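*Asks:* Got a predicted structure plus its sequence, pasted below:
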Amino acid sequence: MLPCNPGGHSAYQDTFVSDFLKAYPNPFGLPKSTWDYIVQFWYLDLSQTDSIMRDCYSVFGPPPRLPSCMLRSYLLALKLKVTSITVWCRMLREAPLYAILSGFPANDTPGVGTFYDFFSRIWKSSSDSLSPKDRFPKMKPPKGKKKGEKTHCDSSSTASRLLPLLERWHLKPENPFFLVFRLYQQQFLNPSTHKGLIDPRHLALAGDGTPTGNAISSATTSTCMWLPIPSATSLCFRF
């Protein structure tokens, strides 16, 4: 069946309050650091994920886990610095708060296979990475002419042409990054821009030093950062 979430983010908030109070009758006994996560995810509206990823599911079979809950759970794992899906699935079973905050019933959490099935729907490629497996020798930059002189860096011309190129370049639907960028733009970048948290005129280009990171430089700000998707790619979400 196709994912269906008629209540949207309000339904998630209502379910969270009900299940949270059942599991934690004295919620104010939780530490402040835990409340920081609760407040942040309470306002994080990922309901568009269900409609954006609707075409990634089949009309046949049992109802799937809501994509919005899967994405929210993965973001929560990375927020807690848990990068192992196996470890995270165990934490969801052992800690009711993590399951409820993700949007799952405390006694019904997804397994490892469900998470990787979700990742395969987001990443539209049979290969888990776009980096070439063949490594080619790099050209050595010319050394300084005089002793002690720094090596000349000729990257300014390339960087100055990169941003205009990205402004004209549009991802095609068959591109593996297409769905990831669409989720990021519609649920993170655009809302932050509309609320005045981001000024598009002051965005900067940043690479992580890897071939993929340099080729796919991302606009980063203090409110929108990136987290790695566990499929050997360097694409990610942060908020």
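*Replies:* Thanks, I have the structure now. Not measured: the values here are computed from a predicted model. Numbering: from 1, shown residues only.
*Asks:* and the longest helix seen in the chain, what other elements does it pack with?
*Replies:* Under DSSP state H, the helix in the chain containing the largest number of residues is helix 8-23. Judged by 3 or more C-beta pairs under 8 Å, 6 or more residues apart in numbering; DSSP states H and E, helix 8-23 is in contact with helix 96-102. Quick note: C-beta positions are derived from backbone N, CA and C, even for glycine.
*Asks:* Name the residues of the helix it packs on that are buried.
*Replies:* 96-102 (16 or more other C-beta atoms under 10 Å).
*Asks:* could you give me the average pLDDT of the longest helix of the chain?
*Replies:* Average pLDDT, helix 8-23: 92.
*Asks:* again, but for stretch 67-86
*Replies:* Stretch 67-86 carries an average pLDDT of 94.
*Asks:* Kindly export that stretch (C-alpha atoms) in PDB.
*Replies:* Taking Å, rounded to 0.1, in the frame of the first residue of the first chain, the C-alpha atoms of stretch 67-86 are listed here in PDB:
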ATOM      1  CA  PRO A  67       8.600   7.800   5.300                       C
ATOM      2  CA  SER A  68       8.400  10.900   7.500                       C
ATOM      3  CA  CYS A  69       8.800   8.800  10.600                       C
ATOM      4  CA  MET A  70      11.700   6.900   9.100                       C
ATOM      5  CA  LEU A  71      13.500  10.100   8.100                       C
ATOM      6  CA  ARG A  72      12.800  11.600  11.600                       C
ATOM      7  CA  SER A  73      14.100   8.600  13.300                       C
ATOM      8  CA  TYR A  74      17.300   8.600  11.300                       C
ATOM      9  CA  LEU A  75      17.800  12.300  11.900                       C
ATOM     10  CA  LEU A  76      17.300  11.600  15.700                       C
ATOM     11  CA  ALA A  77      19.900   8.800  15.500                       C
ATOM     12  CA  LEU A  78      22.500  11.100  13.900                       C
ATOM     13  CA  LYS A  79      21.600  13.900  16.400                       C
ATOM     14  CA  LEU A  80      22.500  11.500  19.100                       C
ATOM     15  CA  LYS A  81      25.700  10.600  17.200                       C
ATOM     16  CA  VAL A  82      24.600   7.000  16.500                       C
ATOM     17  CA  THR A  83      25.800   6.000  13.100                       C
ATOM     18  CA  SER A  84      25.200   2.300  13.300                       C
ATOM     19  CA  ILE A  85      21.700   1.300  12.200                       C
ATOM     20  CA  THR A  86      22.000  -2.000  14.100                       C
END
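*Asks:* Now do it: everything it contacts.
*Replies:* 3, 5, 12, 37, 40-41, 44, 46-50, 52-53, 56, 88, 91-92, 98, 101-104, 110, 112, 114-116, 118, 121, 183, 227-228, 230, 236-239 (C-beta atoms under 8 Å, 6 or more residues apart in numbering).
*Asks:* just stretch 38-58 next, same as before
*Replies:* By C-beta under 8 Å, 6+ apart, stretch 38-58 touches 1-5, 8-9, 12-13, 16, 30, 64, 66-68, 71-72, 75-76, 79, 101, 121-122, 179, 182-183, 186-187, 191, 239.
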